[in-house]
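Visitor: One predicted model, sequence on top.
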Amino acid sequence: MKGLLTSLFIFLLFSGAASSQTLKSSAEYRKVLMGTAVRAYALPIDKRYRNTLAQNFNKITPENDMKMARVQPTEGVFTFAKADSVVEFARKNSMLIHGHTLVWHQEMPSWVERYRGNAPALEKILKSHIQTVVGHYKGKVQYWDVVNEAIERHGYRNTIWYDTLGKDFIRRAFIYAHNADPAAKLIYNDYDIATENQKSKKVLSLLSRLRKAGTPVCAVGLQMHISENGINYGSFRRMIQKYASLGLEVHITEMDVKIKKADEKTTVRSLEKQKVIYKKIARICAESPACKSFTTWGFTDKYTWIPGFTGGRYHKPLLFTESYARKPSFYGVIDGFRKAQPMDKR
Ligand code: XIL
């Protein structure tokens, strides 16, 4: 009897330890939210997708379903059904929602792509889009990527928004979003701004100007689509500090680590390198008081934009295999959070 109880105890101990090793529990321990991008179409058709998601993450970013082309395909006609289904999944599973994205130069509906009107008319479109979308999700979406990728190395990116409305469209976009849901945390999101370089310098000065003008921007989103060469980690740490010194939160919003298609042996090595990169970034985020979330751009290699985006040259950028097995990178993230030096994060 005693022997039986002992084995039962050992079994429970180990099964408990194994199942408690989820991404969200190790992130939570460091006061970091564990997020991922999600595709609405996969939710109803793939049970393992739903289960892995609910077990490991406490924040969801709809990967495409809230983009302007999806939610306002025709002027004045808003289609929220797909995005709503993601929000409903999040609600049922007590997850937060990170809305993505209100103002961007890509994935705009063709009626905006073709738009050739004057500034006041485009301003009306900007305002009504933001008000309607943020208003629809008021109280349900906790974070919004308000403006996405508006800066390049040399300054403002030429887009219909900038070219027609001038640089102040950014400040006004934040104000429209804030008025539609004063409780939502508003983010400026961009790529190649996680380390010190010409572009992050421009973004830093933009954010500094916005903060000085009292604009309701509360965080910077670092996309972090990176390769197996990794990044300069010291520079990453310092960059987080620089954003924090403006009073901003820092969110890792779209992380993935693409690896080059190669023979099996090379791939095994690449997967190890990928693990180390995830580990270092998770650790630095956990050790930086300003870093509030660690979000990957998907979680299973079954659903990822990387092969399509790279003409099939790269693949396997995420934390689970195509059949939902935990990859070395999964353990890298857990390890990064575990090895982080204790930090007093509020
Ligand atoms: C990508 C999606 O992952 C793809 O499925 C889609 O076809 C194109 O957009 N930066 C962003 C994201 O802010 O919205 C992009 O997502 C990836 C780059």
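Guide: Arrived safely. Numbers count the residues shown, from 1 in each chain.

Visitor: and stretch 272-288, how far out from the chain's middle?
Guide: 16 Å (CA atoms, centre = their mean, to the nearest Å).

Visitor: Buried residues, that stretch. List them.
Guide: 273-288 (16 or more other CB atoms under 10 Å). Quick note: C-beta positions are derived from backbone N, CA and C, even for glycine.

Visitor: Equivalent analysis for stretch 37-46, please.
Guide: Using 16+ other CB under 10 Å as the test for burial, stretch 37-46 gives Ala37, Val38, Arg39, Ala40, Ala42, Leu43, Asp46.

Visitor: between these, which is nearest Tyr314?
Guide: Closest approach between those and Tyr314, by CB to CB: Ala37, at 17.1 Å.

Visitor: still on that earlier bit, could you point out which of the buried residues of stretch 37-46 is nearest to the ligand?
Guide: Closest approach to the ligand among the buried residues of stretch 37-46 (CB to the nearest ligand atom): Ala37, at 6.6 Å.

Visitor: helix, strand or coil for the closest one?
Guide: Look at Ala37: counting by DSSP: H, G, I helix; E, B strand; the rest coil, its state is strand.

Visitor: pLDDT value on it, please?
Guide: We have a pLDDT of 99 for Ala37.

Visitor: contacting residues for it?
Guide: Ile60, Thr61, Pro62, Glu63, His100, Glu254, Thr295, Thr296, Trp297, Gly298 (CB atoms under 8 Å, 6 or more residues apart in numbering).

Visitor: Please tell me how far the nearest residue to it once chain neighbours are set aside sits from the ligand.
Guide: Leaving out its chain neighbours, the residue that sits closest to Ala37 by CB to CB, 6 or more residues apart in numbering is Glu63, at 3.9 Å. Counting by CB to the nearest ligand atom, to the nearest Å, the gap from Glu63 to the ligand is 5 Å.

Visitor: how about Glu63, what does it touch?
Guide: By CB under 8 Å, 6+ apart, the residues touching Glu63 are Ala37, Val38, Arg39, His100, Trp297, Gly298, Trp305.

Visitor: before we move on, back to that, I'd like to know which of the contacts of Ala37 is nearest to Gly332.
Guide: Thr296 (11.4 Å).

Visitor: Mind listing what's buried along stretch 62-80?
Guide: Pro62, Glu63, Asn64, Asp65, Met66, Lys67, Met68, Ala69, Arg70, Val71, Gln72, Phe80.

Visitor: taking the mean pLDDT, what do you get for the longest strand seen in the chain?
Guide: Counting by DSSP state E, the longest strand found in the chain is strand 249-260. Averaged over strand 249-260, pLDDT sits at 99.

Visitor: quick one: that strand to chain centroid distance?
Guide: Put simply, strand 249-260 sits 7 Å off its chain's centre (CA atoms, centre = their mean).

Visitor: mind listing what the closest residue to the ligand within the stretch 101-250 of the chain touches?
Guide: As assessed by CB to the nearest ligand atom, the ligand sits closest to Asn148 within the stretch 101-250 of the chain, at 5.1 Å. Asn148 sits next to His100, Thr101, Leu102, Val103, Trp104, Asn189, Asp190 when contact means CB under 8 Å, 6+ apart.

Visitor: remind me which residues of the protein are low pLDDT?
Guide: 1-20, 344, 346 (pLDDT under 70).

Visitor: Those residues of it touching the ligand, which are they?
Guide: Glu63, Asn64, Asn148, Gln223, Glu254, Trp305 (CB under 6 Å from any ligand atom).

Visitor: In helices only, show me the buried residues of stretch 272-288.
Guide: Mapping the buried residues of stretch 272-288 onto helices (DSSP state H) picks out 273-287.

Visitor: right, and Ile284 touches Phe236 too?
Guide: Yes - distance between Ile284 and Phe236: 5.9 Å, which falls inside the contact criterion (CB atoms under 8 Å).

Visitor: Any idea how far apart the tips of stretch 306-324 sit?
Guide: For stretch 306-324, the first-to-last residue distance is 17 Å (CA to CA, to the nearest Å).

Visitor: Can you list the buried residues in that stretch?
Guide: Under the neighbour-count criterion of 16+ other CB under 10 Å, stretch 306-324 has Ile306, Pro307, Tyr314, His315, Lys316, Pro317, Leu318, Leu319, Phe320 buried.
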